[in-house]
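Participant: take a look and give me a structure for this.
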Amino acid sequence: MNFPVIKGTSYVLVHAPDMIMQNGTTQTTERALNPDSEYLKEAPKHIRKFDEVVNYLPNQVYIGNKTPDDLRAVPQPWSDPDKYLTNASRVGKYGEIMPENEFIGLMKICDAFELVYLNKEFTESVKEELKKNPVVSDALISRITEGVDQSVLEEHMKNHAEGLYFDGKLVGVVIKAHDVDANLSAHVMLENIVTKASGLLAALHLVDKNDIDPNEVEYVIECSEEACGDMNQRGGGNFAKSIAELAGFNSASGSDIRGFCAAPTHTLIAASSHVHSGTFKNVVMVAGGCTAKLGMNGKDHVKKGLPILEDVIGGFAILISENDGVNPVLRTDIVGRHTVGTGSSPQAVITSLVTDPLEKAGLTVKDVDKYSAEMQNPDITKPAGAGDVPNANFKMIGALGVMKKQLQKAEMPTFIAEHGMEGWAPTQGHIPSGVPYLGFCREDLTTGKLNRAMIIGKGSLFLGRMTNLFDGVSIVIERNSGKLEDENSGVSKEEVKKLVAEAMRNFASSLVEE
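Facilitator: Okay, here's the model as predicted:
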């Protein structure tokens, strides 16, 4: 079968120190319920500077300057001051870490309805900063209109606007888009514009880092956890086309997929299926990040004397294309799914997502070289009492392998070390869910020594209060054999050419004989 391939990846982070205090739900809830709390007084002292965020090893892995093996070589916790890198670059092989002031400028670029206002001084300074960024074109910068007087911002703040802050100073606002519609409030519009802007940044890097012709992209699927709409269709969408518009994907249509943390893997399967069926040749899946989760575990971090490590907004973009004989193939015939009747125990979940699809394909857990599931950074989750989430998944996969007699119990530690990885992604919900490995996976299955990987996405549907069900899907990715086959005939294109040539010769011979 002529499976689709992963043809490009990008990963971006946005340092958002002011948004931690202004927009992270842990902090905004605390301010509403207990405005004089010790936590709110102490938290600002635990917010990292931009250079610390850039020099933080897991962040460098996320943008591709360091590898998962580099991360494993350094003992946890990586937040220890002596484990920070020195003079690391904000620009990575897969993307970049953008400072908050530039990102606010990008939010203005994404403003389609005059909802974002920046003051004059900040506007001029941020335009100059964005001009230095090679992925932000002059055409995009021209969308940053003239700034307003500070008094205009202060008036908007009196009318329920959301403030945009840099270095603790009010430099802009996001205003409400409707007088009575809660779904178009300033709060929701800020969240949605942040999602759009971080998704756009990822899409721009996807084009830049992978030498992609934007006009060849035919479909875009956005898979973050936010939803845009109004009071009559609160989750109507469409983040995908709004990002495609600014990314220059002029030939593309698009839509959004939502599935809590599992959405990126659902989208990976959907995008692959679109390409495999021949509906579209090139599909981009993209996701922006989430302000609500900034500082989500901040209380636990501050209590333990740590910096607030959830200080970045994440984003990624992936290009899925027709088989080129080179890039890793997405095996749309080896897909795991957590069904309605699966159950929610860890064993039932991993069985449905890992061992069931592998066994149907005649494979064992040892036949997958790398598993990528819930790649949360343990620096963040351990202090909050959630443990090392990736490691817990790899242990469960190994345990099931033992139960099914696919490996010996004594092999478990080696299996986990060789087939698993340390987590490096920020806890932005959907951002860690399997897909952070795709950039490295593309290399491991082409220039590297690995042959097969599995991407696993899991989600908590009960958060929406519509069902108590858990969710999850998985898909296997393999090294490309280099053989392209014709789907209809089951023979290679070269064989088809030979058959056609032979038929033409036979036809010509018959004419001569007649």
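
Participant: so which elements touch whichever strand or helix holds P264?
Facilitator: Using DSSP states H and E, P264 sits within helix 263-277. Secondary-structure packing of helix 263-277 (3 or more C-beta pairs under 8 Å, 6 or more residues apart in numbering; DSSP states H and E): strand 219-222, strand 282-287, strand 312-321, strand 329-337, strand 452-460, strand 470-478. (C-beta placed from N, C-alpha, C; glycine too.)

Participant: which among these is found nearest to A262?
Facilitator: Among those, the nearest to A262 by C-beta to C-beta is strand 452-460 (3.3 Å).

Participant: in that closest one, which residues are buried?
Facilitator: Residues R452, A453, M454, I455, I456, G457, K458, G459 are the ones in strand 452-460 that count as buried (16 or more other C-beta atoms under 10 Å).

Participant: swap in stretch 157-173?
Facilitator: Per 16+ other C-beta under 10 Å, stretch 157-173 contains these buried residues: A161, E162, G163, L164, Y165, F166, L170, V171, G172, V173.

Participant: could you list the low-confidence segments of this protein?
Facilitator: Flagging of the chain using pLDDT under 70 yields the residue ranges 1, 485-501, 503-504, 506-514.

Participant: can you list the buried residues of stretch 157-173 in a markdown table and add secondary structure?
Facilitator: Formatted as a markdown table, the buried residues of stretch 157-173 follow (DSSP: H, G, I helix; E, B strand; the rest coil):
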| residue | secondary structure |
| --- | --- |
| A161 | coil |
| E162 | strand |
| G163 | strand |
| L164 | strand |
| Y165 | strand |
| F166 | strand |
| L170 | strand |
| V171 | strand |
| G172 | strand |
| V173 | strand |
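
Participant: picking up where we left off before, most packed of the helices and strands packed on helix 263-277?
Facilitator: Ranked by mean neighbour count under mean count of other C-beta atoms under 10 Å, the helices and strands packed on helix 263-277 are led by strand 282-287, which reaches a mean of 30.

Participant: that older thread, out of the buried residues of stretch 157-173, which one sits closest to K404?
Facilitator: Nearest to K404, judged by C-beta to C-beta, of the buried residues of stretch 157-173 is E162 at 52.2 Å.

Participant: so what pairs up with that closest one in the strands?
Facilitator: E162 forms beta bridges with V174, as assigned by DSSP bridges.

Participant: ok and the strand or helix carrying T123 relative to strand 162-166, angle-wise?
Facilitator: Assigned by DSSP H and E, T123 belongs to helix 120-131. With axes from the mean of the first three to the mean of the last three C-alpha atoms, to 10 degrees as the basis, helix 120-131 and strand 162-166 are set at 60 degrees to each other.

Participant: just checking, what packs against helix 120-131?
Facilitator: Counting contacts by 3+ C-beta pairs under 8 Å, 6+ apart, helix 120-131 is packed against helix 100-109, helix 138-141.

Participant: out of those, nearest to D324?
Facilitator: Per C-beta to C-beta, nearest to D324 of the helices and strands packed on helix 120-131: helix 138-141, 29.8 Å.

Participant: what's downstream of the closest one, the next helix or strand?
Facilitator: helix 150-157.

Participant: what residues of that next one count as buried?
Facilitator: By 16+ other C-beta under 10 Å, the buried positions in helix 150-157 come out as L153, H156.

Participant: contacting residues around it?
Facilitator: Y117, N119, A161, G163, L170, V171, G172, V173, I175 (C-beta atoms under 8 Å, 6 or more residues apart in numbering).

Participant: again with stretch 129-149
Facilitator: Here stretch 129-149 makes contact (C-beta under 8 Å, 6+ apart) with 96, 98, 101-102, 105-106, 108-109, 111, 117-124, 126-127, 201, 204-205, 207-208, 246.

Participant: sorry, back to before: for R31, find the nearest of the helices and strands packed on helix 263-277.
Facilitator: The closest of the helices and strands packed on helix 263-277 to R31 is strand 312-321. By C-beta to C-beta, the value is 20.1 Å.

Participant: quick one: list the elements packing against the closest one.
Facilitator: Strand 312-321 sits against strand 5-15, helix 186-210, helix 263-277, strand 282-287, with contacts defined as 3+ C-beta pairs under 8 Å, 6+ apart.

Participant: in the stretch 351-500 of the chain, which spans are helices?
Facilitator: For the stretch 351-500 of the chain, applying DSSP state H, counting those that start in this stretch gives helices covering 356-360, 378-381, 389-403, 412-419, 438-444, 493-513.

Participant: correct me if wrong: A240 contacts S255.
Facilitator: Yes: counting by C-beta atoms under 8 Å, A240 does reach S255; the two are 5.6 Å apart.

Participant: of those two, who's got more company?
Facilitator: The residue with more neighbours, out of A240 and S255, is A240; 24 against 14, by other C-beta atoms under 10 Å.

Participant: so what's the more buried one up against?
Facilitator: By C-beta under 8 Å, 6+ apart, A240 lies in contact with V220, I221, E222, G254, S255, D256, V286.

Participant: residues in contact with T279?
Facilitator: Y219.

Participant: so what sits against both of A240 and S255?
Facilitator: By C-beta under 8 Å, 6+ apart, A240 and S255 have these common neighbours: I221, E222.

Participant: check the buried residues of stretch 157-173 and tell me the two furthest apart.
Facilitator: Spatial extent of those (C-beta to C-beta) is set by the pair A161 and F166 at 16.0 Å.

Participant: contact partners of stretch 26-34?
Facilitator: Applying C-beta under 8 Å, 6+ apart, the contact partners of stretch 26-34 are 20-22, 37, 39-40, 43, 294-299.
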